[in-house]
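*Asks:* Quick one, what's the 3D model for this:
(one chain, ligands or ions: 1)
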Amino acid sequence: QTLGVAVIGTGRMGADHVRRINDVISGARVAAVADIDADRVRRLADGIDGCTPYTDPAAAMADPGVDAVLIASPGPAHEDALLAAFARDLPVLCEKPLTPDPASALRVVAAETALGHRRVQVGFMRRYDADYLTLKSLLDKGTYGRPLMLHNKHRNADTPPGFSNAMMIHDSVVHEIDVTRWLLDEEITAVQVLRPAPTGHAPEGLGDPQLILFETAGGRVVDTELFVNCRFGYQVSCEAVCEDGTARIGDDRGVFVNAAGHWGGAITPGFVERFEEAYDRQVQRWVDATRRGAVEGPSCWDGYAAAAVCEAGVRAQATGERVAVELAERPALYR
Ligand code: ISE
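*Replies:* Take a look at the predicted model:
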């Protein structure tokens, strides 16, 4: 039976997921949409057969056609939406962040633990990117021996208005936090942030670029160059340095051109284009698992751990010091 999805939040990511469910993936339909912007949500629902608009997320979840929830509202609204979904025991795909801080993320972990079963897949879409999946399988198989270090690059052409130093950690580095925990299969234990002299292209007050260092429970070290106003395009790469070799993913590929006295190719403009297939695969896998009655992928624990590392990262950024990450005990549900 086709899965009826309520999409909560219809901004950039929410509207893109509505399009994805309608036009790209199979086995699901958009049964309800919710947004505080009543006009926007009504216009969106008007274009979709059998879709009802709401301004209240809980009312959208109560719609008789709804079997599952996709949360794409701003992070601060996630906790309430997640608890409303738990009250109906509905399966959830929750865009990152799970919630914006570790205290609220831990409340969500506790609420899901009280349900007694996992209900949430967190939208860390890089885990569904073909390149990252290849790297993960090389590391899991031990093809090049034990991983010792990761070198990440995370570059955005520019930042939206109001993008802050804290958002560089919460919105951007959060992906490297999840990728590190996932690829190495261990927790991050400490964070340091180095801040070189900023580019003249960054908005006033933004320390861009930054170099972020993680230490992990197994004694590995991970560095990330974050450069969010590099101007030339969107680039995300990861090199694993192992005992018997290295493996790097994310180098730009595609057509190689010689023309007008230059050689080379194009760089993707933004994350929506770079990770388009990963987003598609993420939502398709969520729908497939949900229809089987299963829950897979990044969990509420992963969302909580990421929030705890972000909090340490923002402190490290502000103080210039090495900040240890404090984690609660992992409930059996997530072991
Ligand atoms: C944005 O929120 C994302 O999730 C992108 O993947 C990231 O590259 C960007 O820096 C963030 O602002």
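*Asks:* Right, and the ligand sits closest to which residue of the stretch 101-250 of the chain?
*Replies:* residue 172 (3.4 Å; Cβ to the nearest ligand atom). To be clear about C-beta, it is placed using only N, CA and C from the backbone, and glycine gets the same treatment.
*Asks:* before we move on, what SS does that residue have?
*Replies:* Secondary structure state of residue 172, per DSSP: H, G, I helix; E, B strand; the rest coil, is helix.
*Asks:* Show me where this structure has its helices.
*Replies:* Secondary structure of the chain, counting by DSSP state H: helices at 12-19, 38-46, 57-61, 78-87, 102-115, 130-141, 165-167, 174-184, 271-274, 276-291, 300-319.
*Asks:* Which strands or helices does the fourth one pack on?
*Replies:* Same thing as helix 78-87. Helices and strands touching helix 78-87, by 3 or more Cβ pairs under 8 Å, 6 or more residues apart in numbering; DSSP states H and E, are helix 57-61, strand 68-71, strand 92-95, helix 102-115.
*Asks:* Also the last one?
*Replies:* In this structure, helix 300-319 makes packing contacts with helix 102-115, strand 120-123, helix 165-167, helix 174-184, strand 188-194, strand 210-216, strand 323-324, judged by 3+ Cβ pairs under 8 Å, 6+ apart.
*Asks:* what sits up against the longest one?
*Replies:* Counting by Cβ atoms under 8 Å, 6 or more residues apart in numbering, the neighbours of helix 102-115 from elsewhere in the structure are 78-79, 82-83, 86, 89, 97-99, 118-120, 300-301, 303-304, 307-308, 311, 328, 331, 333-334.
*Asks:* residues from the stretch 51-200 of the chain in reach of the ligand?
*Replies:* Contact residues, the stretch 51-200 of the chain versus the ligand (Cβ under 6 Å from any ligand atom): 156, 171-172, 175.
*Asks:* what's the distance between residue 282 and the ligand?
*Replies:* Residue 282 sits 13 Å away from the ligand, going by Cβ to the nearest ligand atom, to the nearest Å.
*Asks:* I figured that residue was touching residue 297, is that so?
*Replies:* Yes. Counting by Cβ atoms under 8 Å, residue 297 is a contact partner of residue 282 at 7.4 Å.
*Asks:* neighbour count winner among these two?
*Replies:* residue 282 (25 against 19; other Cβ atoms under 10 Å).
*Asks:* which non-adjacent residue is nearest the more buried one?
*Replies:* Among residues not flanking residue 282 along the chain, residue 128 sits closest, at 4.2 Å (Cβ to Cβ, 6 or more residues apart in numbering).
*Asks:* So for the one you found, what's the pLDDT?
*Replies:* Residue 128 is assigned a predicted lDDT (pLDDT) of 98.
*Asks:* Just give the number of residues close to residue 29.
*Replies:* 16.
*Asks:* With residue 15 instead?
*Replies:* Residue 15: 17 neighbours (other Cβ under 10 Å).
*Asks:* for the stretch 1-150 of the chain, what are the low-confidence residue spans?
*Replies:* Residues of the stretch 1-150 of the chain meeting the criterion pLDDT under 70: none.
*Asks:* Find the residue closest to the residue of the stretch 201-335 of the chain found nearest the ligand in space, skipping its chain neighbours.
*Replies:* Proximity to the ligand, evaluated over the stretch 201-335 of the chain using Cβ to the nearest ligand atom, is greatest for residue 271 at 3.8 Å. Closest residue in space to residue 271, ignoring its immediate chain neighbours: residue 234 at 5.9 Å, by Cβ to Cβ, 6+ apart.
*Asks:* Make sure that neighbour is actually in contact with residue 266.
*Replies:* No. Taking Cβ under 8 Å as the definition, residue 234 is not a contact partner of residue 266, at 11.0 Å.
*Asks:* re earlier: shared neighbours of residue 282 and residue 297, anything?
*Replies:* By Cβ under 8 Å, 6+ apart, the residues touching both residue 282 and residue 297 are 127-128.
*Asks:* what pairs with residue 70 across the strands?
*Replies:* residue 7, residue 93 (DSSP bridges).
*Asks:* Is it correct that it is in contact with residue 15?
*Replies:* No. The criterion here is Cβ under 8 Å, and residue 70 misses it with residue 15 at 11.6 Å.
*Asks:* Tell me how many other residues crowd residue 272.
*Replies:* 13.
*Asks:* Kindly report the same for residue 327.
*Replies:* Neighbours of residue 327 (other Cβ under 10 Å): 17.
*Asks:* returning to that earlier point: as TSV, the helices and strands packed on helix 78-87 with mean neighbour count and distance to residue 187 would be great.
*Replies:* Converted to TSV, the helices and strands packed on helix 78-87 look like this (neighbours: other Cβ atoms under 10 Å; distance: least, Cβ to Cβ, whole Å):
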stretch	mean neighbour count	distance to residue 187
helix 57-61	20	32
strand 68-71	26	25
strand 92-95	25	21
helix 102-115	19	13
